[in-house]
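**Student:** here's my sequence, what's the structure:
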Amino acid sequence: MSLPADILPLEVIDKTIDQPVWIILQSNREFTGKLVGFDDFVNVIIEDAKEWIVNEEHSELVMEHNGRMLLSGNNIVMLVPGGKKDV
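**Tutor:** Below you'll find the predicted structure:
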């Protein structure tokens, strides 16, 4: 089985537009929502976001944001296409 050659990270993010994403920040916060857009610095715009606070024991839904939200790429640790899976 061969893998496609030279797939760039921004190409993967580009294919995720209009799909659910799970974004983990440097702090103990996570966001889920639909990816609307991004730029070369991976500043992202998500729609209808849910904000979570995470600690060792559990994750707690803090707030639901209607509309669009801009998250700074400087604070993003990981962006997971497909959204957050219930564990």
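**Student:** how near is Gly67 to Met78?
**Tutor:** Taking Cβ to Cβ, to the nearest Å as the measure, Gly67 falls 24 Å from Met78. All C-beta atoms are positioned from the backbone trio N, CA, C, and that covers glycine.
**Student:** please apply the same query to Lys85.
**Tutor:** Separation of Lys85 from Met78 (Cβ to Cβ) stands at 14 Å.
**Student:** how about His65?
**Tutor:** From His65 over to Met78 (counting by Cβ to Cβ), the distance is 20 Å.
**Student:** could you do Ala49 as well?
**Tutor:** From Ala49 across to Met78, the span is 16 Å (Cβ to Cβ).
**Student:** and the two? Which one has more around it.
**Tutor:** Neighbour comparison, Ala49 and Met78: the larger count goes to Ala49, with 21 against 9 (by other Cβ atoms under 10 Å).
**Student:** how about that one: what's its closest non-neighbour residue?
**Tutor:** Nearest residue to Ala49, sequence neighbours excluded (Cβ to Cβ, 6 or more residues apart in numbering): Gly33, at 3.7 Å.
**Student:** quick one: what helix or strand has the one you found in it?
**Tutor:** For Gly33, the host element (DSSP states H and E) is strand 29-38.
**Student:** quick one: that strand to chain centroid distance?
**Tutor:** 4 Å (Cα atoms, centre = their mean, to the nearest Å).
**Student:** lowest confidence element among the helices and strands of this protein?
**Tutor:** Lowest mean confidence among the helices and strands of the chain (mean pLDDT, DSSP states H and E): helix 9-14, at a mean of 91.
**Student:** what's that helix in contact with?
**Tutor:** Leu35, Phe38, Asp40, Val42, Leu79, Pro81 (Cβ atoms under 8 Å, 6 or more residues apart in numbering).
**Student:** equivalent analysis for stretch 32-44, please.
**Tutor:** Applying Cβ under 8 Å, 6+ apart, the external contacts of stretch 32-44 come out as 10, 13-14, 16-23, 45-50, 52, 65, 68-74, 76, 79, 83-84.
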